[in-house]
Structure formats: structure tokens, C-alpha cells
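Novice: Give me a model of this one.
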Amino acid sequence: MDFDVVSNSPEETIELGRKVGSKLKGGEVVAICGTLGSGKTHLIKGIASGAGSAESKKVTSPTFVIINEYKGRLDIYHIDAYRLESIAEFEMLGFDDYCQPSSVILIEWADKIESALENIDYIRVELYHAGENKRKIHIENLPDYIKQ
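Specialist: Have a look, this model is predicted:
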């Protein structure tokens, strides 16, 4: 099911992420798309916090290291696909190895590698600029247990 929300500030985007993160069970892959500055990393900060990571305040986009890991109630793998040149490069990261029942995979710039996800059931989030701090957030394939 699709879900739409408007965020009026980075804090609201983080809070949305926190609500989603608190309901994750493990095994989820979240593909996060949006232009530069649209709030992808703020959303991930919230998801990490909601999933119990004490490191959520340290969440940054792993543009140069490609993958950051945050420990909490779940193992969170934060992948940044911005610098990846191909699907093969993404697969060489060992994506399948990160897909575990006790982990959540969050992929920034997922639109660059989305064809690699077509055989899995994933949550897709698209963030759009709607003003200086306002964002429209569209979520597809959100499981019922997260919407409650």
C-alpha cells in the first residue's frame, strides 16, 4: 500500500523515520530516493533511532565509504549508491550477505541500483522538495505492521 506524508522540517522527517524504525522487525530493505538535500539522511537518522541505535546522532551519508553499520535492536546497514557506477559494483558490495532476518538495509540513491532489487520485496521511499524545509514523502509497499 502507498502512503503519502508532508514533512515541514528536518525534525519532522527524523520523527517519521523514528516511527518507521520502531516498527521494523528485521529483514526489510528500504530503497530511499530523492534529489540532493531532499532529506534522505534525516529520514535514515530517524529510522536508526527508532530501531534502537545509540549511534543515530552520528548517522551521516556514507558517500565515500559506501556502507555504514549501526547497531541497535537490529543491525542496520546504510548503503549510499551515489558513487556506484553499475549494478555489478552494487552486487560486489555483498548486498545478499547483508540481507538477514535480524538486519535492515537502508539504501540512499537507490534509484541508481533499483533494477538489482526487482526480485525482492522492498519498501520504496521518494522524497521531494516542496519548499525550503518542506518535503513531500511518498512511501510504496509499506507493510501493514509499520502503518499501525
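
Novice: Enumerate the positions of the helix ranked longest in the chain that are buried.
Specialist: Longest helix in the chain by number of residues (criterion: DSSP state H): helix 10-23. Residues of helix 10-23 classed as buried: 10, 12-18, 20-21 (neighbour count, 16 or more other C-beta atoms under 10 Å). Where you see a C-beta, it was placed from the backbone N, CA and C, and this is true even at glycine.

Novice: Closest one of those residues to residue 76?
Specialist: Residue 76 has its nearest neighbour among the buried residues of helix 10-23 in residue 21, at 8.3 Å by C-beta to C-beta.

Novice: so what's residue 69 up against?
Specialist: 75-78 (C-beta atoms under 8 Å, 6 or more residues apart in numbering).

Novice: And it, how far from residue 53?
Specialist: Counting by C-beta to C-beta, to the nearest Å, the gap from residue 69 to residue 53 is 10 Å.

Novice: anything in contact with each of the two?
Specialist: residue 76.

Novice: tell me which element the residue nearest the centre of the chain falls in.
Specialist: By C-alpha atoms, centre = their mean, the chain has its centre lying nearest to residue 106, at 3.5 Å. Following DSSP states H and E, the helix or strand that holds residue 106 is strand 103-108.

Novice: for the helix or strand just after that strand, packing partners?
Specialist: For strand 103-108, the succeeding helix or strand toward the C-terminus, using DSSP H and E, is strand 123-129. When contacts are defined as 3 or more C-beta pairs under 8 Å, 6 or more residues apart in numbering; DSSP states H and E, strand 123-129 sits against strand 29-34, helix 40-50, strand 135-140.

Novice: for strand 123-129, the distance to its chain's centre please.
Specialist: Centre-to-centre, strand 123-129 and its host chain are 9 Å apart (C-alpha atoms, centre = their mean, to the nearest Å).

Novice: Would you give the sheet partners of that strand, along with the direction of each?
Specialist: Applying DSSP bridges, strand 123-129 is found paired with strand 29-34 (parallel), strand 135-140 (antiparallel).

Novice: Among those strands, which comes closest to residue 85?
Specialist: Comparing the strands paired with strand 123-129 under C-beta to C-beta, the one sitting nearest is strand 29-34, at 17.9 Å.

Novice: any idea how far that closest one is from the chain center?
Specialist: Put simply, strand 29-34 sits 5 Å off its chain's centre (C-alpha atoms, centre = their mean).
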